[in-house]
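Enquirer: fold the stuff below for me.
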Amino acid sequence: MQYDVAAKVVVQHGKEAILRWFLGIDPEEVELIEELPQESVSLRRSDFPMWVRTKDGREQIVLFEFQTRWEWEVPIRLLEYHARFLLKYRLPVLSVLILFRRREGIEGVYEDESVRFRYHLIRMWEIKAGEVLGVGEIWLYPFVPVMECDERDIFDAEERIYESDLDRRDKADLLTALAIFSGFRGEEIVRELLRRRRDIMIESPAYEIIKEEGIKEGLEQGLQQGLQQGLQQGLQQGMLEEAREMVLRAFGVRFKVVPPDIEEKVRSIPSRTTLTLLLERAITCKDPDEFREALKIATGG
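Expert: Numbering: from 1, shown residues only. Below is the predicted model:
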């Protein structure tokens, strides 16, 4: 599953709730900020840099890095991001690593003979889902499957999102992200969530990720005839047109309007694989020009 896409969906909606719950920061104002311009093709980017002003007037930069599993170089990457943003903004910088899969024996510090760097390590498997559900932080509900939970907690989160007063599009995004993170608990839970809430999930740009993964799993394992039928339908023109619409809808959600040149180019793409890649770019690109560049690369001109 594309957990990075799910994390982006959650943070874009619930950045204030994430700051409150995970860091104890009560924000007055929060903005996702643009990354530094790339100086070389190897310059890496943090997942979510935020400018934060608290209610007592203090300003700081908070860098969130999401990791499915532990990798030894993660603290070094965090140190790199930390230094770059400190130099650019000259504000206090708090670096945060949110780790989804259990890994024992790690701490929020990197140290060698020259450097000692502390960062905030959030071990998601140690957080009790019942506490999040208990305080009603609905924007955090998609993270429930990677917390200490059982199936009842996951379906409780699903029910609360579906029955909430949120805008239908917000519900679609959160339910889709919940289904993606439920992949940590097994495909049966994902299938059940899809069965129950597919009607609204299909309105989320991230839904294409679940559909693509489901088809792939069905082919690899030979399970569930419906997924095989879904693949056959995917070869038909109707599914191709649906994929084009998903890309354009995702772009429209991000930037309010789809320029005619982008719409014309997307509607001319004959490959569903290419459209799937462009869907993720539509969700994650920083501006229309970045998407145009991705569109140019994907179509060869």
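Enquirer: what number of residues lie near Glu187?
Expert: For Glu187, the count of nearby residues is 17 (other CB atoms under 10 Å). Quick note: C-beta positions are derived from backbone N, CA and C, even for glycine.
Enquirer: ugh, wrong one, I meant Leu166
Expert: Neighbour number of Leu166 under other CB under 10 Å is 16.
Enquirer: in contact with it: list those residues for me.
Expert: 138, 174 (CB atoms under 8 Å, 6 or more residues apart in numbering).
Enquirer: apply 10 Å and report the result again.
Expert: Counting by CB atoms under 10 Å, 6 or more residues apart in numbering, Leu166 makes contact with 13, 138-139, 172-174.
Enquirer: just confirm Gln60 is within a strand.
Expert: Yes - under DSSP: H, G, I helix; E, B strand; the rest coil, Gln60 sits within a strand.
Enquirer: okay, it: pLDDT?
Expert: Per-residue pLDDT puts Gln60 at 97.
Enquirer: dump the residue contacts of the nearest residue to it once chain neighbours are set aside.
Expert: Once flanking residues are discounted, Gln60 sits nearest to Pro92: 4.4 Å by CB to CB, 6 or more residues apart in numbering. By CB under 10 Å, 6+ apart, Pro92 lies in contact with 52, 58-62, 86.
Enquirer: also Thr284?
Expert: 4-5, 8, 12, 250, 254, 290-291, 294.
Enquirer: send the alpha carbons of the helix or strand containing Val96 over as PDB?
Expert: Using DSSP states H and E, Val96 maps to strand 93-99. Extracted in PDB, the C-alpha atoms of strand 93-99 (Å, rounded to 0.1, in the frame of the first residue of the first chain):
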ATOM      1  CA  VAL A  93      13.500  23.900  14.200                       C
ATOM      2  CA  LEU A  94      11.900  20.800  15.700                       C
ATOM      3  CA  SER A  95      12.500  17.500  13.700                       C
ATOM      4  CA  VAL A  96       9.900  14.800  14.100                       C
ATOM      5  CA  LEU A  97      10.100  11.100  13.000                       C
ATOM      6  CA  ILE A  98       6.800   9.200  12.900                       C
ATOM      7  CA  LEU A  99       7.600   5.500  12.700                       C
END
